[in-house]
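please find the sequence and the predicted model below.
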Amino acid sequence: MKKLIKNPVFSNIFWLFLDKGYGALLTLYIYAKMATYFGASTFGIWNYIISFGSLLPAVASLGLNYIIVKRLKKNPLIADKVLSLSFYLRLFTGIITAIILFVAYAIVNINFNSDLILVIVLLFSSQIVLNSNIYVQKNEANLENRKTVIARSISLTIFFILKLLAIHWELNIVYFALLVLLEYVLFFTLIRIKEEHKLKLPSTYIRKKITPSLLKEGFPLMLAAITTTLYLKIDQLFIASLTNNNDVGIYAASARISEFLYAVPVIISNVFFPKIMKALTKVDIDKLLYQMFAIVLILALLCVLLITTFSDTIIEVMYGNEYIYASEILKIHAWSIILMSLLVTSSKYILKINRQDIIFKRELMGLATNLILNFLLIPRYGIAGAAWATLISYSVSSFFSNFFFKDTRPLIKKQLLSIYYLLR
């Protein structure tokens, strides 16, 4: 048992689950409180802005999250230069992207008025700060996720209390947006405490040498992140356009629960990723993939069964009677946890073989499916149609798309037989 605890892989899984478990409890609680406090219509507006703003990190990350981890593992000698360069690239791109998104939001003109301009600016700014926090990737590469967990937990706890006070004092939506921004600023500040790395812009020679390769390697992943974000959030954008803010609020209330549990495959795959990158033989890689798929599928299936069984109680306790229809949506949407598990974990193998283009193509297939199905199903079945569109599109990108690429066809067997392999 002591040997297992000291194992860096299981140690980091423990810390990340502690982070996500604690974070999910606090965040879901305050999310439910905000939903009740705002009401379904205002809560729908809040989630529409969040959904629109979620495109910012998808673009401004430049696809470098896993590239940073990969570079730090391969060449620790230039780690400081890679980190500093990544920070400035993401900060600059984040600011430009925020401006473009703000203009696009004004053109779309859904929920855009003088009262909400400050909310939009604050929430977009919070995404710039969060996206610039490259120390999360540094800790992941060094299997030091404990540092990230501690910093995030402290900032989350402080602002959990402040958001409760904001509800108690009946403050308006602007203050909640400000608290989101300040929470990410504190997280960034805390994670840098005792950090020896200085955010010094590398020399012109280093920038010219490293930047092109970073951008080239990250570009397919950036496109994949954009398409992923679009089909994670496009349903809420469609609902706002085709129905009303009230429906957006109800749909978001149910989808948020499923989306929190997407953290399960992300945690497991992030911990396995450095090991997969270091594996040299096909036998070792296959063994790691079987283990990773099996663990995430078992955990995902348990989550789905619990949610579908107790969905009525979950929605009633969390949101109250105003959101009771969200229970029916949750019963559909919860199954996407399994499909997201397959999508996230299989992407790690694709990164291993340097086929980032496949990640983008799979996500694009899912996005195209989601766009078509949302357009067809929402007018006829309402927000239940959006939930089915999400579920079907995830199955396309996470499983059926593997048939189209020679390099991903071996994953089909591993995805289907992983639990049997683990039990055997």
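That came through fine. Numbering: from 1, shown residues only.

pLDDT at residue 391, what is it?
At residue 391, the model reports a pLDDT of 91.

repeat for residue 23
At residue 23, pLDDT is 74.

gap between it and residue 340?
18 Å (Cβ to Cβ, to the nearest Å). (Glycine included, C-beta is placed from N, CA and C.)

what about residue 325, how many residues close to it?
19 (other Cβ atoms under 10 Å).

on that earlier part again, neighbour count winner among residue 23 and residue 340?
Neighbour tally, residue 23 and residue 340, criterion other Cβ under 10 Å: the higher count belongs to residue 340, 26 against 18.

these two touch, right, that one and residue 260?
No. Using Cβ atoms under 8 Å, residue 340 is not in contact with residue 260, being 11.5 Å away.

just the strands in the stretch 1-150 of the chain please.
Applying DSSP state E, counting those that start in this stretch to the stretch 1-150 of the chain gives no strands.

where does pLDDT dip in it?
1-21, 73, 75-79, 109-111, 141, 143, 145 (pLDDT under 70).

swap in the stretch 301-424 of the chain?
Residue ranges of the stretch 301-424 of the chain with pLDDT under 70: 422, 424.

list the buried ones in whichever strand or helix holds residue 217?
Element membership of residue 217 [criterion: DSSP states H and E] is helix 204-242. By 16 or more other Cβ atoms under 10 Å, the buried positions in helix 204-242 come out as 207, 210, 214, 217-240, 242.

and the average pLDDT for it is what?
Per-residue pLDDT over helix 204-242 has a mean of 78.

who are the packing partners of it?
In terms of contacts (3 or more Cβ pairs under 8 Å, 6 or more residues apart in numbering; DSSP states H and E), helix 204-242 is packed against helix 40-53, helix 55-60, helix 65-74, helix 79-108, helix 245-261, helix 356-381, helix 383-398.

list the contacts of residue 367.
Residues near residue 367 by Cβ atoms under 8 Å, 6 or more residues apart in numbering: 227, 228, 230, 231, 234, 393, 397.

pick the one among those residues closest to residue 148.
residue 228 (21.8 Å; Cβ to Cβ).

residues touching the closest one, list them.
By Cβ under 8 Å, 6+ apart, the residues touching residue 228 are 58, 363, 366, 367.

which strand or helix spans residue 269?
Applying DSSP H and E, one finds residue 269 within helix 263-278.

ok, now which ones touch the nearest residue to residue 363 once chain neighbours are set aside?
Counting by Cβ to Cβ, 6 or more residues apart in numbering, residue 363 lies nearest to residue 227, which is 3.8 Å off, once chain neighbours are set aside. Going by Cβ under 8 Å, 6+ apart, residue 227 touches 360, 363, 364, 366, 367.

switch to 7 Å and redo it
Residue 227 makes contacts with 360, 363, 364, 367, as judged by Cβ atoms under 7 Å, 6 or more residues apart in numbering.

farthest pair within the contacts of residue 228?
Within these, two members stand farthest from each other by Cβ to Cβ: 58 and 366, at 14.2 Å.

ok, the two, which is more surrounded?
Set side by side, residue 58 and residue 366 show more neighbours around residue 366, with 27 against 23, by other Cβ under 10 Å.

quick check: the gap between that one and residue 373.
From residue 366 to residue 373 the distance is 11 Å (Cβ to Cβ).

common neighbours of these two, please.
Common neighbours of residue 366 and residue 373 (Cβ under 7 Å, 6+ apart) are residue 393.

ok, for residue 369, nearest residue in space, not its chain neighbours?
For residue 369, the spatially nearest residue (Cβ to Cβ, 6+ apart) is residue 393, at 4.2 Å.

name the SS class of residue 195, please.
Assigned by DSSP: H, G, I helix; E, B strand; the rest coil, the conformation of residue 195 is coil.

got the confidence number for it?
70.

again with residue 173
90.

how close does the closest residue to it other than its chain neighbours get to residue 341?
The spatially closest residue to residue 173, leaving aside those adjacent along the chain, is residue 119, at 5.6 Å (Cβ to Cβ, 6+ apart). For residue 119, the distance to residue 341 equals 33 Å [Cβ to Cβ].

same deal with residue 130?
Using Cβ to Cβ, one gets 24 Å for the distance from residue 130 to residue 341.

more neighbours: the two, which one.
residue 341 (31 against 21).

give the contact list for that one.
264, 265, 296, 297, 300.

go with 6 Å
Contacts for residue 341 (Cβ atoms under 6 Å, 6 or more residues apart in numbering) come out as 265, 296, 300.

so which strand or helix has the last one?
Taking DSSP H and E as the definition, one finds residue 300 inside helix 282-309.

can you list phi and psi of the nearest residue to residue 355 once chain neighbours are set aside for me?
Nearest residue to residue 355 in three dimensions, chain neighbours excluded: residue 407, at 5.4 Å (Cβ to Cβ, 6+ apart). Dihedral pair for residue 407: phi -70, psi -20, per degrees, to the nearest 10.

so how many other residues sit close to residue 407?
Neighbour tally, residue 407, other Cβ under 10 Å: 13.

wait, it sits on residue 357?
No. Using Cβ atoms under 6 Å, residue 407 is not in contact with residue 357, being 10.1 Å away.

nearest to residue 315 among the contacts of residue 228?
Of those, the one sitting nearest to residue 315 (Cβ to Cβ) turns out to be residue 366, at 26.8 Å.

measure that closest one to residue 319 for me?
28 Å.

with residue 286 instead?
Residue 286 is 44 Å from residue 319, by Cβ to Cβ.

of the two, which one has the most company?
residue 319 (25 against 16).

quick one, what contacts the more buried one?
Residues near residue 319 by Cβ under 6 Å, 6+ apart: 32, 35, 253.

how about CSV for those residues, with distance to residue 291 added?
Shown next, in CSV, are the contacts of residue 319 (distance: Cβ to Cβ, whole Å):
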residue, distance to residue 291
32, 35
35, 38
253, 35
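
quick one, what contacts residue 199?
84, 87.

wait, isn't residue 276 in contact with residue 288?
Yes. Here residue 276 reaches residue 288: they are 5.3 Å apart, a contact under Cβ under 6 Å.
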